[in-house]
Structures are given as structure tokens and as C-alpha cells.
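1. could you look at this predicted model? Sequence included:
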Amino acid sequence: MLFLSFPDSEPSRTPATIAASYFPVTADFFDRASYGRLRLAPRIDDAWLPMPLPSTAYDIGRDWSPRGREAYLRDALGLVAEHRPHLAGADILYLVADPTAPGVDADATKVVNLERPITVAGNELRRVVTLFEGEPPDRLVLAHETGHVLGLPDLYHRPGHPGGNWDRYVGDWDLMGSQFGMAPDLFGWHRWKLGWLDDHQVACPPVGGVTRHALRPLAAPPEPGVPPEAGDTRMVVVRTGPSEALVAEARLPIGNDRDLCTPGVLLYRVRSDVASTRGPIEVIDGRPDGSACHGRSVRPELADAPLDTGMSHHDPVSGVRFEVGEREPGGGWWLRVIRP
């Protein structure tokens, strides 16, 4: 994590105090989400690197012009290569701009994907996280951007007009949808892709049958000493097409979801043929006539989406039916899946 100052502003805070807004919060989030399999060990630089141009010269903004972005990265990475040779071996580079500089726009924070990898201090980088946050920064913003570094898509909707609904697809239910969400833990689908859930923890019901699953809470830490064959199902995946699946997982107010609004079995649809911000994942509203947690939820209509005991959902397209039974000993629910 490196810190960039500009000739048109004198930083009012030290790099260490700014870094404390991001760590250990970000590292703790991923430690819980990965069941301890991902460890973020940040190296925090202790000095400001002076950029050669004023902050207003880089055209910083959410829809950053290619000219401004290229100039910013060229100058920043040039400073890094010249003054920070100890970066060899780093996996992620966080570039933090002085939040008090007049040309810094907090809405511009993003991961820059490089068309061609660059070598900095002998280390090849394909992505760079550029942080332009104010003080304090947006909640869990660095965890969201780190999710992009790991290859996860944006799950929010980007409306084409002011006042549009950014949270229509997943509401509070995943960090990649909203870092302000009440239940920001990563979907089980993402954890599986990242290798944090093992195949034996994912049930895939066969075509033309009825199966019953003890669905343990997604966020519950693994039980030490329990062998895989003992059963630890965290997710049920029903493939419904060449690029589509329905997923069920148990969400409770624990871990990263401690502020969750409505516990239960959450259902969502995954589509691998849909791009980032276009709805590659959509939460299925198990209670379409209700809403919950107004004033706290980013989308109250989906805050009560999970199914509870005695509730069910029938997918009209695939014909798959999910029926939620009693609580299972691990804290989750028994789930019955009927697949035509």
C-alpha cells in the first residue's frame, strides 16, 4: 500500500493513519470469508510519494478518461519503480491518493486492469487498485476492490439515468453488489470458484429425482477434525442450462453477515453468459410480497428474500422446486430439492 501526494495539496494525515481505515478490517473480512485460506498481509509504506503534476491535472473521476488514467498510472508507477524497489514479490499494489487533494474524486476508486502486464521492481502486475477515498472511506471499499483483483465481477446494476436502482440484482447479499450491504459476505458460488469451498461441500442434485440436504450455515467456520465424508454441505447447485444454475445456501447473522436482516435459505440464479454489472447473479425473492429493514437495507425488497421452515420456491422456467424443512443440527436447514 503506497501513498501519493500532489504539489497542489499538503496531506493532513500520515500514511499510517489512513491505512488504519483499511486494515485490519479488509484482511479480517477475507479471513472469515475464506475460512482462513486467504491471508492478506499488507506492507504499509510510511512516506508520501510526490506526484509530479497537480491532482487536478489527471482528470480523476468515476468515468476516467483514458488520457488522465494513463498519465496517472505512468507517473505513479514510475515513482514506485524508482523509489520502492522492495516491492518485488508483492501480489497486489494499492495506490492511495491524498484524500484532501482538490482533484481527487472519491467516486473514482477502482481496479485498473492492464491490457499488458507491467513490471514494477522486478514484479509483474496485471491489476492495480487505485484508491481515491475520502476520510473515512466507504465501508468495506477495499474488500470490494480486492474482490476484483481475485477476479470477481460487479453484481450491482449501473442504471443509465440519475436516481436509478443500483441494487436491483442482489441487494444486501454480497460484497460485490454493495459494500454497504447488511449481509456482505461473499456468495458460496464465489467461494467455490476461489477454492475456499471444496467440492465435497457442494451438492449437485441429479436430474429427475428428489434429494434431501442438511444445509449448514455458509459463514460457519469449518469444524476441526471432521473428515470430508462426514458431510459439510454449504451449497446446493442445480444446473438448469449450459450457462445457468440455481443455488441455495443458508445465511445466518454470524461472521461477515452479523448485521443480516432475515436469516434463512437464500436462493439465487447464476449466469456465466452475463457480463459484470448486467446481473451475472440475481437473488430470488422468496417473499415477493414483503420487504424488511427499511432505513438499513440497500434494497428492502430483497432484505427478506431467504426462505424459512415450511416455505418453498418453484422455478417456473426449469421446474425445479426447493422446500425448506426444519433446522439441522449444524444451525442451518434441511432442504428438499425436486428436480424434473
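-> Cool, the structure landed. Numbers count the residues shown, from 1 in each chain.
2. only C-alpha atoms from now on, for both contacts and neighbour counts.
-> OK.
3. what's near enough to touch residue 267?
-> 246, 247, 248, 249, 283, 284, 285, 286, 305, 306 (C-alpha atoms under 8 Å, 6 or more residues apart in numbering).
4. surely the fifth one is in a strand?
-> Read it as residue 283. Yes. Counting by DSSP: H, G, I helix; E, B strand; the rest coil, one finds residue 283 located in a strand.
5. name the single longest strand found in the protein.
-> strand 110-120 (DSSP state E).
6. mind listing the strands the helix or strand following that one pairs with, and their directions?
-> Next helix or strand after strand 110-120 toward the C-terminus (DSSP states H and E): strand 123-131. If you go by DSSP bridges, strand 123-131 pairs up with strand 94-97 (parallel), strand 110-120 (antiparallel).
7. deepest in the core, which of those is it.
-> Of all the strands paired with strand 123-131, strand 94-97 has the most neighbours on average by mean count of other C-alpha atoms under 10 Å, namely a mean of 22.
8. by mean pLDDT, flag the weakest helix or strand of this structure.
-> strand 110-120 (a mean of 83; mean pLDDT, DSSP states H and E).
9. list the contacts for the residue nearest to residue 283 when sequence neighbours are not counted?
-> Spatial nearest neighbour of residue 283, chain neighbours left out: residue 268 (4.1 Å); criterion: C-alpha to C-alpha, 6 or more residues apart in numbering. Residues near residue 268 by C-alpha under 8 Å, 6+ apart: 246, 247, 248, 281, 282, 283, 284.
10. out of those residues, which is most surrounded?
-> residue 281 (29 neighbours; other C-alpha atoms under 10 Å).
11. surely that residue touches residue 273?
-> No. Assessed by C-alpha atoms under 8 Å, residue 281 is found out of contact with residue 273, at 10.6 Å.
12. now list whatever residues contact both of these two.
-> By C-alpha under 8 Å, 6+ apart, no residue touches both residue 281 and residue 273.
13. quick check: domain ranges of this protein?
-> The chain breaks down into these domains under automatic domain parsing: 2-149, 188-339.
14. want to throw the ones you listed into a markdown table with distance to residue 173?
-> Formatted as a markdown table, the domains of the chain follow (distance: least, C-alpha to C-alpha, whole Å):
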| stretch | distance to residue 173 |
| --- | --- |
| domain 2-149 | 13 |
| domain 188-339 | 8 |
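15. between those domains, which one is nearest to residue 176?
-> The closest of these to residue 176 is domain 2-149. By C-alpha to C-alpha, the value is 5.8 Å.
16. and the end-to-end length of the closest one?
-> 17 Å (C-alpha to C-alpha, to the nearest Å).
17. now find how far off-centre that domain is within its chain.
-> Offset of domain 2-149 from its chain centre (C-alpha atoms, centre = their mean, to the nearest Å): 18 Å.
18. show me the contacts for residue 61.
-> Contacts of residue 61 by C-alpha under 8 Å, 6+ apart are 104, 105, 106, 107, 108.
19. residue 324: which of those residues is nearest?
-> residue 107 (41.1 Å).
20. can you tell me the SS state at the residue nearest to that closest one when sequence neighbours are not counted?
-> Once flanking residues are discounted, residue 107 sits nearest to residue 62: 5.3 Å by C-alpha to C-alpha, 6+ apart. Secondary structure state of residue 62, per three-state DSSP, is coil.
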